[in-house]
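Engineer: sequence and predicted structure below; questions after.
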Amino acid sequence: EAQVTQNPRYLITVTGKKLTVTCSQNMNHEYMSWYRQDPGLGLRQIYYSMNVEVTDKGDVPEGYKVSRKEKRNFPLILESPSPNQTSLYFCASSRLAGENYEQYFGPGTRLTVT
Amino acid sequence: AQKVTQAQTEISVVEKEDVTLDCVYETRDTTYYLFWYKQPPSGELVFLIRRNSFDEQNEISGRYSWNFQKSTSSFNFTITASQVVDSAVYFCALSEWYNQGGKLIFGQGTELSVKP
């Protein structure tokens, strides 16, 4: 089954404690990205990657890091989480644009930073 | 600048009513994609439809229909004979060709509540 998986699904942590949210896709997609969802703001892109070892900032990259060492994995790293990073996070993957282009989203990770 | 506006923050209807969710977009690109996603209370994002900028045909899928009008930069979504299970947040999104179709620009979302 084609899917994007994220772990953990829920996480409560404290300010400053480094954490990683994993993302994996099994569709051999080139493009992967992270979004955060906040009330009234919709979803905003944090980082994206167009292929292995190629990553770039999205619209709200401050406080986050990513890596793309393998095509299937795209972890999101919060080196020193702060309360303003409390949010719902989605990982997404897709082929690069084409006739059947579609973004596949993971189930979401709800993060609370206290 | 690229932007998606969903002016309706919340809509409440009674079951079996028809409801239209509005979406207006801005883009400089001549080639782009438009999407609608549904987010039920469980939180996941459910893909509903993708349209590319060269295809202005309206689409119908069961009780769902979409009206794409480039002249007004709108991509509206209508649910006919709404049901309680349609209660969710609905997002309209835009992806521009020069982004190689990767980045989605989302509207703020419209929360639809369908009451029995």
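Structural biologist: Perfect, thanks for sending it.
Engineer: would you map the helices across chain A?
Structural biologist: Assignment of helices within chain A using DSSP state H yields no ranges at all.
Engineer: so where is it shaky, pLDDT-wise?
Structural biologist: Within chain A, the segments meeting pLDDT under 70 span A:97-101.
Engineer: wait, what's in contact with the residue most central in space within it?
Structural biologist: Geometric centre of chain A, nearest residue: A:Trp34, 2.8 Å, by CA atoms, centre = their mean. Each residue near A:Trp34 by CB atoms under 8 Å, 6 or more residues apart in numbering or on different chains is listed here: A:23, A:45-48, A:58, A:64, A:66, A:74, A:76, A:89-92. For the C-beta atoms, the positions are set from N, CA and C on the backbone; glycine is no exception.
Engineer: apart from its chain neighbours, what residue comes closest to it?
Structural biologist: A:Ile46 (4.3 Å; CB to CB, 6 or more residues apart in numbering or on different chains).
Engineer: I figured that neighbour hits A:Val60, correct?
Structural biologist: Yes - using CB atoms under 8 Å, A:Ile46 makes contact with A:Val60 at a distance of 5.6 Å.
Engineer: enumerate the residues of chain B near chain A.
Structural biologist: Taking CB under 8 Å from any CB of the partner chain as the measure of proximity, chain B contacts chain A at B:4, B:9, B:33, B:35, B:37, B:43-45, B:47, B:50, B:91, B:93, B:95, B:97, B:100-104, B:106-109.
Engineer: tell me who's in contact with B:Val4.
Structural biologist: The neighbourhood of B:Val4, defined by CB under 8 Å, 6+ apart, consists of A:42, B:23-26, B:92-94, B:105-107.
Engineer: A:Phe74 reaches A:Cys23, doesn't it?
Structural biologist: Yes - A:Phe74 is within contact range of A:Cys23, at 4.7 Å (criterion: CB under 8 Å).
Engineer: between the two, which one's more packed in?
Structural biologist: Higher neighbour count among A:Phe74 and A:Cys23: A:Phe74, with 28 against 25, using other CB atoms under 10 Å in any protein chain shown.
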